[in-house]
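# Predicted model and sequence below, questions to follow.
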Amino acid sequence: MKTKKAQIKGIGIILFFTILVALSNTVFSQIDTSMNQISLNYKDFLNLVIQNNLEYAAEKYNVSIADAKIEVAKVFQNPSFAFDWAGEKEANTINGYALTMEFSKTIELGNKRKARINLAKNEKALANAMLSDYWRNLQANATLDYLTALKQRYLFEVMLNSYQMMKKLWVS
């Protein structure tokens, strides 16, 4: 009896390990994603860099802010009017009243408004120049990165070709 139980137990253990090995191959395997290729030409790559670069977007907003500053510089300052009323009262006797009115208007002499507008226009020109400079630097860096990626791809293809040739020589 012990031999039959031992045989059944041995077959059970072998069957268990066989199933475990079969399942472990599918359960613990991973998909190799290191060789996924995305074909991307230079123009599309540059467009993606421009669309996804937050600093370039911020530089574009600086130009819009400079436009708004020009419009603010063109506006005349509003006059201000103030009115104040005060009364003194002590133990049911009224001692007096005070009324104060104030009107103020800023009068700019010496072409201050024109100078403010010119300053805002110069700031816009500076923002445009900085945007152009940032664009050129971004394009240069993106071009270098694109060319580096192309170089790496071609080096990989050469190494893969060399490996395949050596493998053929070894097999034959």
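Okay, I see it.
# can you pull out the strands in the protein?
80-90, 93-104 (DSSP state E).
# In a markdown table, list those along with distance to S39 and mean pLDDT.
C-beta coordinates here come from the backbone N, C-alpha and C atoms, glycine included. As requested, the strands of the chain are exported to a markdown table (distance: least, Cβ to Cβ, whole Å; pLDDT from 0 to 100):
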| stretch | distance to S39 | mean pLDDT |
| --- | --- | --- |
| strand 80-90 | 65 | 83 |
| strand 93-104 | 68 | 82 |
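# For D133, find the nearest of those.
With distances scored as Cβ to Cβ, the stretch of those nearest to D133 is strand 80-90 (42.2 Å).
# Which neighbouring elements make contact with the closest one?
strand 93-104 (3 or more Cβ pairs under 8 Å, 6 or more residues apart in numbering; DSSP states H and E).
# would you list the strands of the chain in CSV and tack on mean neighbour count?
As requested, the strands of the chain are arranged in CSV below (neighbours: other Cβ atoms under 10 Å):
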stretch, mean neighbour count
strand 80-90, 9
strand 93-104, 9
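# and those as TSV, adding distance to A120?
Formatted as TSV, these follow (distance: least, Cβ to Cβ, whole Å):
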stretch	distance to A120
strand 80-90	23
strand 93-104	25
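# Between those strands, which one is closest to A125.
Set against A125 and scored by Cβ to Cβ, those come closest in strand 80-90, at 33.4 Å.
# in its sheet, what does that closest one sit against?
strand 93-104 (antiparallel) (DSSP bridges).
# Not counting the strand it pairs with itself, show me its contacts.
Strand 93-104 has contacts (Cβ atoms under 8 Å, 6 or more residues apart in numbering) with 79-89.
# can you check stretch 146-160 too?
Contacts for stretch 146-160 (Cβ under 8 Å, 6+ apart): 42, 45-46.
# Just the buried subset of those residues, please.
45-46 (16 or more other Cβ atoms under 10 Å).
# Can you give me the pLDDT of K168?
If you check K168, the pLDDT there is 89.
# distance of it from L131?
K168 is 55 Å from L131, where distance means Cβ to Cβ, to the nearest Å.
# Neighbour count for those two, which is higher?
Legend: neighbour count by other Cβ atoms under 10 Å for K168 and L131, higher for L131 (18 against 9).
# what separates the residue lying closest to K60 once chain neighbours are set aside from E59, distance-wise?
Leaving out its chain neighbours, the residue that sits closest to K60 by Cβ to Cβ, 6 or more residues apart in numbering is L131, at 6.3 Å. Separation of L131 from E59 (Cβ to Cβ) stands at 5 Å.
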